[in-house]
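In: below is the sequence, then the predicted model.
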Amino acid sequence: MDEAQPVLASGVQPVVVTRGLTRSFGDKVAVSALDLAVMPGEFFGFLGPNGAGKSTTIRMLCGLLRPSAGEARVLGLDPVADTLELRRRIGVLPEEPALYERLTAMEMLALVADLHGIERHEGRRRASALLDLMELSSDERGRILLDYSMGMRKKVSLAAALLHGPRLLFLDEPFNGIDAVTVRAIRGVLTDAVARGVTIFFSSHVLELVERLCTRVAIITSGRMQVCGTLPEVREQSGLGAAASLEDIFVHLAGGGRAGEAAQGLEFLQ
Amino acid sequence: MNPPGALTRAGLLLRLRLKLMFRAKSAKPASFVFTMLVNMTVLGVAALMAAGMAFLTLKEPSAAENLLPNSFGSIFIAQILMSLVGLSTSEFFDVGRIMHLPVAAAEVFGSMVLSGFISVVTALYMATPLGIACGCGGGVLVIVARVLLILALVAVGHMTALALHFLLATAMTRRRMRDLAMVLGSLLGVAFYVAFRVLDARYFDANRSHELALVPPPAFYAWLPTSGLVDLWNGDFSALALLRICFTFVFAGVMTFIGASRLQRLLSGEVQPAQQSVQDLREARAIPFLAQETAASFRLHLALMWRDPQLRMQWFQGIVFVCLPWVFLAIKDDGDEPGLWAAAMLPALLVLAHAGFHHSFFGADSRGLTQLVLTPARRTRLVFGRMLAVTATCVAVDIVASALLLLGMGLLASDLLRWLPHWPLVAAAVVIFHLVASGVGAMYSTRWPVPLTAGDRRAATRSGQGQGCATQFLKLLLFLPEFALSAIIAAVGLLPVLDLPLVGKLLPTPAMVITYPLALLLAAGVAFAGCQIGARTLATREEEFLQALRPAAE
């Protein structure tokens, strides 16, 4: 696929590129022939309604799922063949926090640091700094993760994704269940990271945030790409005009027109 | 719109319970059939118990005099203990999911008590008194009244169990409750086994079974809340009996109040479950000779083993339920001491008791597995760290356990230290058995990963990822070659001290200096090969691996 990989005029290669990427579960096609290219330093928004195939795509790009058909290159590596090398370079925040619930936050981050081969003292320093950023008190850090709220687990999971300073971050619903203060702090960290050249592949339902942060967006429904580009490009592709917000475009593409039909028979709510 | 009354709401909750009971178990037809077979077996056992009691009472009408208070008192105690051991309220429904609906705590509590009658296990509790009622005969009204008393007995027991459960739930963490359940469960297991042995020895002879009726009830049974029901059964209305009858009803009322009010406090959030703080893992010093990733995997799995209450329970209960009966079985009824063969079987039994750790250890706290898999650590190091943690803990626990079991065998043979001299040999065999099991386990747990805790297993079954009975049985057969291999290697190591039948000793004892290290080397070779194969399997089957252990993630 290397020869087919898109290269910009400046010679910059995309960090994520897929061609015909497909994944089926039995008869159900979760992702269908997805073509995608994400450039270095982009804050790329990957949107779609529930069950559209966003998480499945991210899992394929991280090497957690094998594609049924098609190909993908992430940082120039094949997620299936070069799995370990790829994982040295990427950070992943899964939709559902993947944490050992019987470890404390500090122990969990120390484990991730050790498994990434980060020098022991440096690993602890980074973990402590990230937990400071996430505003987890020293008392909370001493509790096992089973006793954490969903938002706190998400914070620890995000810290684990950032710990080794990856060049590419996959964030699946990173702000779900996180308070506004921490959202602002994390947003700052992510925009700083992008300014330093880190690429972020960002999936979220908070469209206002996506509109504010992302340099490009893609919207998929039922596993198929609908539109992809900068916000003006997406407006043009959707045919909704220059005044349309991202939410308007999303609702239009995701079949929001049916909401009016569904509302029939709900007069009792008046 | 008329809001439903309290009874209707309780009825709705009961229907919910019924639906959940069957839905949870019917993900696969084979699972449903298996559940039905188990239920039919339990009902069959209950019918046999009832028939036995009916024949006993028919044969000796005066038998009911002792049988009745004995059975009522024992059922009450068993209901409370079994409920606490099984943390049975957790199997009703997660009350946290209905707390936002317009149902009162008393209604939830009431439907929980009533749902006790839906459970098949209740048939076991009701069997003996129903058998006695059938044997005693009497008019229709008398029999109906007695059946009502039996239902009241079960209800009082269930109410008390639930009230105690919620009382404990507001006083201690769920993890501490699980620890309590572990201790109670183990004690109950031993008590049931001893009781079975005693009954087997004394009364299972048909000619002596009538003697069972001669066993008087313990004195404290007269002060249990169920004694009032016995008095009502017997038609005793003396002043003391009336006092006991009043006590039964007052007790039931108090239990309902305590249970409902504690449940209310839990539902309203007045009581927060206490949170568990732990010492951070020994500020993670480097472990000599181990690579950083191996040491991290070692520390992780060591922490998981001791912090999960269910896993802690498995350490203890494996010994109690697999090894302890063996110690008893090794003693003949007439009190003869066990032979050397009994001691020789201990290593295999101890490894069998804890084989689950080797064979499914990646299934512990499996939520974190995605994070583990997402790291770039070499798979051989992840698997090796895990093997080290499991094997070291298993060996340490089982060497201590084998000493205690040998002491127990000596105690039963009235010579405490009689079997202790065999301990070094048993311990040496335990090491070899666990090394082999760790190698086989590394292959097994990556090729056929199985969730280790009950909750994850249920989730896997519901999502269709669980394994059918036939598959599980076939996998169990893997134990046979594994044990045969362990036994052969252990025999090589211990050959100089074995006095084999027919051929006697083949080698002089000092030859163990050569044979035992050789056996250790062989066992370590199996472990090494298992580690390599397991790591390769893990690297090439990550998707299947995660899917089997974290079905909800998809």
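Out: Here it is on my side, so go on.

In: for A:Gly197, phi and psi?
Out: The phi/psi pair for A:Gly197 (degrees, to the nearest 10) reads phi 110, psi 0.

In: equivalent analysis for B:Pro376, please.
Out: The phi/psi pair for B:Pro376 (degrees, to the nearest 10) is phi -90, psi 10.

In: ok, now A:Leu47?
Out: According to degrees, to the nearest 10, A:Leu47 has phi -120, psi 160.

In: hey, what's the residue nearest to it when sequence neighbours are not counted bridged with?
Out: Once flanking residues are discounted, A:Leu47 sits nearest to A:Ile219: 4.8 Å by C-beta to C-beta, 6 or more residues apart in numbering or on different chains. All C-beta spots, glycine's among them, are computed from the backbone N, C-alpha and C. Per DSSP bridges, the residues bridged to A:Ile219 are A:Leu47, A:Val227.

In: what sits against A:Ile219?
Out: A:47-48, A:225-228, A:234, A:249-250, A:253-254 (C-beta atoms under 8 Å, 6 or more residues apart in numbering or on different chains).

In: hang on, isn't B:Ala105 packed against B:Gln264?
Out: Yes. Counting by C-beta atoms under 8 Å, B:Ala105 touches B:Gln264, with 3.7 Å between them.

In: where is the longest helix in chain B?
Out: For chain B, the helix with the greatest residue count under DSSP state H is helix B:379-412.

In: what packs against that helix?
Out: Counting contacts by 3 or more C-beta pairs under 8 Å, 6 or more residues apart in numbering or on different chains; DSSP states H and E, helix B:379-412 is packed against helix B:292-307, helix B:324-329, helix B:340-359, helix B:423-447, helix B:512-540.

In: list the buried ones in that helix?
Out: For helix B:379-412, the neighbour count (16 or more other C-beta atoms under 10 Å in any protein chain shown) marks B:379-391, B:393-395, B:397-399, B:401-403, B:405-410, B:412 as buried.

In: again, but for stretch B:246-261
Out: B:248, B:251-252, B:255-256, B:258-261.

In: chain center to stretch B:422-432, what's the gap?
Out: 27 Å (C-alpha atoms, centre = their mean, to the nearest Å).

In: list of residues touching it?
Out: Residues outside stretch B:422-432 that contact it (C-beta under 8 Å, 6+ apart) are B:340, B:343-344, B:346-347, B:350-351, B:395, B:398-399, B:402-403, B:406, B:486, B:489-490, B:493-494, B:497, B:516, B:519-520, B:523.

In: using the three-state scheme, assign residue 255.
Out: Answering for chain A, as no chain was given. coil (DSSP: H, G, I helix; E, B strand; the rest coil).

In: to clarify, I was referring to chain B.
Out: helix.

In: quick one on the thing from earlier: tell me which of B:Ala105 and B:Gln264 has more neighbours.
Out: B:Ala105 (20 against 17; other C-beta atoms under 10 Å in any protein chain shown).

In: contacts only, for the more buried one.
Out: B:260-261, B:263-264, B:267.

In: in helices only, show me those.
Out: Reading helices off the contacts of B:Ala105 with DSSP H, I get B:260-261, B:263-264, B:267.

In: residues from the stretch 51-200 of chain A in reach of chain B?
Out: A:62-66, A:83-85, A:87-88, A:92, A:94, A:96-104, A:106-108, A:110-112, A:114-117, A:120, A:124, A:142-144, A:146-147, A:157, A:160 (C-beta under 8 Å from any C-beta of the partner chain).

In: and with 6 Å instead?
Out: Listed as neighbours of chain B in the stretch 51-200 of chain A under the rule C-beta under 6 Å from any C-beta of the partner chain: A:65-66, A:84, A:87-88, A:92, A:94, A:98-102, A:104, A:106-107, A:110-111, A:114-115, A:142-144, A:147.

In: for PyMOL, what selects the buried ones among those?
Out: Here is the PyMOL command that selects only those of these that count as buried (16+ other C-beta under 10 Å):
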select buried, chain A and resi 65+87+88+92+94+98+99+100+101+102+104+106+107+110+111+114+115+142+143+144+147
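
In: so which of the residues of the stretch 51-200 of chain A next to chain B sit within strands?
Out: Among those, the ones falling in strands (DSSP state E) are A:Val92.

In: neighbours around B:Ala155, how many?
Out: There are 17 residues near B:Ala155, going by other C-beta under 10 Å.

In: list the contacts for it?
Out: B:Val113 (C-beta atoms under 6 Å, 6 or more residues apart in numbering or on different chains).

In: now B:Met49: closest residue in space, sequence neighbours ignored.
Out: Closest to B:Met49 by C-beta to C-beta, 6+ apart is B:Ala127, at 4.0 Å.

In: so that neighbour is in contact with B:Ala46, correct?
Out: Yes. Proximity of B:Ala127 to B:Ala46 meets the contact threshold set by C-beta atoms under 6 Å, at 4.1 Å.

In: which of those two has more neighbours?
Out: Set B:Ala127 next to B:Ala46 and count neighbours by other C-beta under 10 Å: B:Ala127 wins out with 24 against 21.

In: quick one: what helix or strand has that one in it?
Out: helix B:121-136 (DSSP states H and E).

In: please apply the same query to A:Leu171.
Out: Counting by DSSP H and E, A:Leu171 is part of strand A:168-172.

In: and that strand, C-alpha only, in PDB?
Out: Extracted in PDB, the C-alpha atoms of strand A:168-172 (Å, rounded to 0.1, in the frame of the first residue of the first chain):
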ATOM      1  CA  LEU A 168      -0.500  10.100  17.800                       C
ATOM      2  CA  LEU A 169      -3.400  10.000  20.200                       C
ATOM      3  CA  PHE A 170      -6.600   8.100  19.600                       C
ATOM      4  CA  LEU A 171      -9.200   9.500  22.000                       C
ATOM      5  CA  ASP A 172     -12.600   7.800  22.000                       C
END
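
In: tell me how far whichever helix or strand comes after that strand lies from the chain's centre.
Out: Sequence order places helix A:180-195 as the next helix or strand after strand A:168-172, per DSSP H and E. Offset of helix A:180-195 from its chain centre (C-alpha atoms, centre = their mean): 14 Å.
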